[in-house]
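Asks: Coordinates for the following, if possible.
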Amino acid sequence: MDLPIVNQDSGSPRPASDQLSDDARGSYAVVSLGCPKNLVDTEQMLGRLDEDGYQMVADVDQADFVVVNTCGFIDSARQESMGAIDEMLQLKREGKLNGVVVTGCLAERQQGELLKDRPDIDAMVGVFGRNDIVDVANRLQSGIQEQQQVFRPAPIRPLSDGVRSAVTPRHFAYLKISEGCDRLCTFCAIPKMRGKHYSKPIEQVIEEAKRLGESGVREVVIVAQDTTYYGKDLYGEPRLADLLIELDKIETIDWIRLMYFYPMYIDDKLIDVLAGAKRILPYIDMPLQHASDGMLKRMSRKTNRQSQEEIVSKLRQRIDSLVVRTTMIAGFPGETDEDFEQLVDFTANMHFEHLGVFTYSVEPDTPAAKLPNRVPNEIAEERKARLMSVQQEIAFRWNQSLIGTEQDVILDMPLEGQEGVWIGRTKFQAPEIDGVVYVSGFGDDQTPAAGQILTCEVVTSQGYDLVAAPLSAE
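Replies: Now for the predicted structure:
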């Protein structure tokens, strides 16, 4: 059985061996679920296993054990994680697998429940126990039958992600600049799973970024639970602007993309850095979650509609050709028809190029789980569909406005089954979550390759995606 050795949000394969080398200490397979921050954790664990002599294989039948790095953020993610665990445990019962190691957020959040319901899990490794993955593997390989549990308290400083084996394609990578979160949004359990906010020192982030650039990474995607809060714990004030100034100097990196921009701590210095940077893309992912002041207060977002409108408008005025992505929650407890209409009006007026909508998911042990006036699921789903309909019109119209323009496009992979067609992205499209560009019509003197950046003319749009023809290569 071929195991999907990919992050489930990305679909980006990491090359794995079909056969085990003679000098390998043992073999393993991996399933990585959840967000890019979790993917960095996966790559860090794989790096340690690889460095110690273990070998990742493509076929689970050739693996001594499997690592399932789980997500515990919302109910659908938890169900997906438990489904993956159950699939691997069934293979173990059938004798096709010797061990199952469960790691990550779900392991951290539901350790007792998971072990009670699935006692044949061989090892449970919490979020901050990931540095112990080699010890866990060694004990498994030695034949010790005792179930392992590795749960560490949140460290004083974030764990280093310097030792990594990439799961993403070689030309782009995620760079995590901090761990945990100090926000107490009432719907979110992240602080319970990943602890308080801890920033990596600027020097450590720069070192990791340089290592990525030297390895062939052309696009670095900056991730954290709260990017704009970066440095507050270390330096007494947010220092994202200073970090970006240093990152922008790394000549081996072409594109730097910013994700998880909380709509606070965005000052003129930071905006000036974004506006004048060479490598930082005019793209900001800023999860806003709602636009009704009442809902924002119930969510404990520490913002209101006016401040959100002001900061987005200011960013657009100061940063040329800025593209903004955001996410919203429909059906939060107490959301009235009037609250939702304010959200629709806000979305229609702000013209976000990219927007995703989630229906509220009840998260145990969060304040929102105790709030009254739950919105029936069918109403929440209707609201989600309506909001996405409003956004779809905006996004399609924006894509159509790009027809005839020239855009730099980074090539990700050839389109399967379509010779001469590649899938790529403009500066305005983040990996895995936004639309893509289908590039075809390469000249005889052009040999497309993953990671190549081409100047292309957009010839048409197809819904959320674009179709383009190459003009020249870098």
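Asks: all strands of the stretch 301-450 of the chain, in order?
Replies: Per DSSP state E, counting those that start in this stretch, the stretch 301-450 of the chain carries strands over the ranges 323-330, 354-359, 406-414, 422-426, 437-439.
Asks: can you tell which of these is closest to residue 307?
Replies: Closest to residue 307 of the strands of the stretch 301-450 of the chain, according to Cβ to Cβ: strand 323-330, at 14.2 Å. C-beta coordinates here come from the backbone N, C-alpha and C atoms, glycine included.
Asks: Which strands and helices lie in contact with the closest one?
Replies: On a contact count with 3 or more Cβ pairs under 8 Å, 6 or more residues apart in numbering; DSSP states H and E, strand 323-330 meets strand 280-285, helix 305-318, helix 337-350, strand 354-359, helix 377-401.
Asks: Including mean neighbour count, distance to residue 129 and mean pLDDT, could those go into CSV?
Replies: Below are the helices and strands packed on strand 323-330 laid out as CSV (neighbours: other Cβ atoms under 10 Å; distance: least, Cβ to Cβ, whole Å; pLDDT from 0 to 100):
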stretch, mean neighbour count, distance to residue 129, mean pLDDT
strand 280-285, 23, 29, 98
helix 305-318, 15, 38, 97
helix 337-350, 17, 40, 98
strand 354-359, 20, 29, 97
helix 377-401, 16, 35, 98
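Asks: burial measure for residue 169, as a count.
Replies: Residue 169 sits with 21 neighbouring residues when counted by other Cβ atoms under 10 Å.
Asks: let's number from 5 now, not from 1
Replies: Yes, from this point I'll number from 5; that puts the last item at residue 173.
Asks: Might you report the residue contacts of the residue nearest to residue 235 when sequence neighbours are not counted?
Replies: Leaving aside its chain neighbours, residue 235 sits nearest to residue 243 (3.1 Å; criterion: Cβ to Cβ, 6 or more residues apart in numbering). For residue 243, the contact set (Cβ atoms under 8 Å, 6 or more residues apart in numbering) comprises 203, 206, 234, 235, 236.
Asks: So which of those belong to strands?
Replies: Of the contacts of residue 243, the ones assigned to strands by DSSP state E are residue 203.
Asks: Need the max-distance pair from the contacts of residue 243.
Replies: Longest span within those, Cβ to Cβ: 206 and 236, 13.1 Å.
Asks: circling back: export the helices and strands packed on strand 327-334 to JSON lines and append columns for distance to residue 71.
Replies: As requested, the helices and strands packed on strand 327-334 are exported to JSON lines (distance: least, Cβ to Cβ, whole Å):
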{"stretch": "strand 284-289", "distance to residue 71": "28"}
{"stretch": "helix 309-322", "distance to residue 71": "40"}
{"stretch": "helix 341-354", "distance to residue 71": "40"}
{"stretch": "strand 358-363", "distance to residue 71": "28"}
{"stretch": "helix 381-405", "distance to residue 71": "34"}
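Asks: Could you pull out the helices in this protein for me?
Replies: 40-55, 79-97, 109-113, 115-121, 137-145, 194-198, 206-218, 236-239, 244-251, 272-280, 297-302, 309-322, 341-354, 381-405 (DSSP state H).
Asks: can those go into JSON lines with extra columns for distance to residue 186?
Replies: JSON lines is the format used below for the helices of the chain (distance: least, Cβ to Cβ, whole Å):
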{"stretch": "helix 40-55", "distance to residue 186": "16"}
{"stretch": "helix 79-97", "distance to residue 186": "22"}
{"stretch": "helix 109-113", "distance to residue 186": "18"}
{"stretch": "helix 115-121", "distance to residue 186": "24"}
{"stretch": "helix 137-145", "distance to residue 186": "27"}
{"stretch": "helix 194-198", "distance to residue 186": "7"}
{"stretch": "helix 206-218", "distance to residue 186": "19"}
{"stretch": "helix 236-239", "distance to residue 186": "8"}
{"stretch": "helix 244-251", "distance to residue 186": "15"}
{"stretch": "helix 272-280", "distance to residue 186": "19"}
{"stretch": "helix 297-302", "distance to residue 186": "18"}
{"stretch": "helix 309-322", "distance to residue 186": "19"}
{"stretch": "helix 341-354", "distance to residue 186": "26"}
{"stretch": "helix 381-405", "distance to residue 186": "28"}
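Asks: Compare the ones you listed and give me the one nearest residue 436.
Replies: Checking these against residue 436 by Cβ to Cβ gives helix 40-55 as the closest, at 8.0 Å.
Asks: tell me the mean pLDDT for that closest one?
Replies: Averaging pLDDT along helix 40-55 gives 94.
Asks: roughly how far out does that helix sit from the chain middle?
Replies: 14 Å (Cα atoms, centre = their mean, to the nearest Å).
Asks: which parts of that helix are buried?
Replies: Neighbour counts over helix 40-55 (16 or more other Cβ atoms under 10 Å) mark 40-54 as buried.
Asks: how deep is residue 469 tucked in, by neighbour count?
Replies: Neighbours around residue 469, by other Cβ under 10 Å: 15.
Asks: So for it, what's the pLDDT?
Replies: For residue 469, pLDDT reads 98.
Asks: Could I get the contacting residues of the closest residue to residue 140 other than its chain neighbours?
Replies: Spatial nearest neighbour of residue 140, excluding adjacent residues (Cβ to Cβ, 6+ apart): residue 127 at 4.9 Å. If a contact means Cβ under 8 Å, 6+ apart, then residue 127 has 103, 104, 105, 106, 140, 143, 144, 151, 152, 153, 154 as its contacts.
Asks: And the residue lying closest to residue 133 once chain neighbours are set aside, how far from residue 80?
Replies: Leaving aside its chain neighbours, residue 133 sits nearest to residue 154 (3.7 Å; criterion: Cβ to Cβ, 6+ apart). Using Cβ to Cβ, to the nearest Å, residue 154 is found at 27 Å from residue 80.
Asks: Specify the beta-bridge partners of the residue nearest to residue 133.
Replies: residue 129 (DSSP bridges).
Asks: OK, contacts around it?
Replies: Contacts of residue 154 (Cβ under 8 Å, 6+ apart): 127, 128, 129, 130, 133, 136, 139, 140.
Asks: what does the model give the nearest residue to residue 302 once chain neighbours are set aside for pLDDT?
Replies: The shortest distance from residue 302 to any residue other than its chain neighbours is 5.8 Å, reached at residue 338 (Cβ to Cβ, 6+ apart). pLDDT for residue 338: 98.
Asks: What is the neighbour count of residue 338?
Replies: 15.
Asks: what do you get for residue 214?
Replies: Residue 214: 16 neighbours (other Cβ under 10 Å).
Asks: Apart from its chain neighbours, what residue comes closest to it?
Replies: Per Cβ to Cβ, 6+ apart, closest to residue 214 is residue 254, 5.8 Å.
Asks: ok, the one you found - how many residues close by?
Replies: The local packing of residue 254 (other Cβ under 10 Å) involves 17 other residues.
Asks: And residue 77, by the same measure?
Replies: 21.
Asks: residues touching it, list them.
Replies: 38, 39, 109, 193, 194.
Asks: Residue 414 is nearest to which of the helices of the chain?
Replies: Using Cβ to Cβ, the helices of the chain put helix 206-218 closest to residue 414, at 14.6 Å.
Asks: Name the nearest residue to residue 313, ignoring sequence neighbours.
Replies: In space, residue 313 is closest to residue 354, 7.1 Å off (Cβ to Cβ, 6+ apart).
Asks: any idea of the pLDDT on residue 245?
Replies: 98.
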